[in-house]
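# please find the sequence and the predicted model below.
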Amino acid sequence: MSDTIKLKTAGFDARFPNTNQTRNCWQNYVDFHKCVQAKGEEFQPCQEFRAVYRSLCPTKWVEKWDEQRENGVFPGLYQKKADHDDHH
């Protein structure tokens, strides 16, 4: 008896009809994290975004973006502003 691993690649996305999938990768990464913020990580549609970005995005990009999110400097998501006044 052997375990079978099912690999799945990203399906066609009409928003990204060209062969360069960089924007598709980015958008699905952003959509996944926005979805998780709104609905929680267990919400199944969020997992679809995750499956696509994990299929399309180079690991190094994801590691960089994860680090940026952890440090509050990721440009793709709205960050909570610090609780201080900026008076000039």
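That came through, no problem. Numbers count the residues shown, from 1 in each chain.

# quick one: the helices in the chain?
22-39, 44-56, 59-70 (DSSP state H).

# which of those sits closest to residue 76?
helix 22-39 (4.1 Å; C-beta to C-beta). No exception for glycine: its C-beta is placed from N, CA and C like everyone else's.

# and of the helices of the chain, who's closest to residue 77?
Comparing the helices of the chain under C-beta to C-beta, the one sitting nearest is helix 22-39, at 5.8 Å.

# in JSON lines, list the helices of the chain along with distance to residue 77 and mean pLDDT.
Listed next are the helices of the chain as JSON lines, based on distance: least, C-beta to C-beta, whole Å; pLDDT from 0 to 100:
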{"stretch": "helix 22-39", "distance to residue 77": "6", "mean pLDDT": "94"}
{"stretch": "helix 44-56", "distance to residue 77": "13", "mean pLDDT": "94"}
{"stretch": "helix 59-70", "distance to residue 77": "7", "mean pLDDT": "95"}
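
# redo the ones you listed as JSON lines? Include mean neighbour count and distance to residue 76.
Compiled in JSON lines, those are given as follows (neighbours: other C-beta atoms under 10 Å; distance: least, C-beta to C-beta, whole Å):
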{"stretch": "helix 22-39", "mean neighbour count": "17", "distance to residue 76": "4"}
{"stretch": "helix 44-56", "mean neighbour count": "17", "distance to residue 76": "11"}
{"stretch": "helix 59-70", "mean neighbour count": "12", "distance to residue 76": "7"}
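
# need the pLDDT of residue 75.
At residue 75, the pLDDT value in this model is 86.

# residue 44 versus that one, what's the distance?
Distance, residue 75 to residue 44, by C-beta to C-beta, to the nearest Å: 27 Å.

# just give the nearest non-adjacent residue to residue 45, would you?
In this structure, residue 45 finds its nearest non-sequential neighbour in residue 35, 6.4 Å apart by C-beta to C-beta, 6 or more residues apart in numbering.

# er, residue 39 actually
Leaving aside its sequence neighbours, residue 39 sits nearest to residue 46 (C-beta to C-beta, 6+ apart; 6.1 Å).

# now do the same contact list for that neighbour.
Residues in contact with residue 46 (C-beta atoms under 8 Å, 6 or more residues apart in numbering) are 32, 35-36, 39-40.
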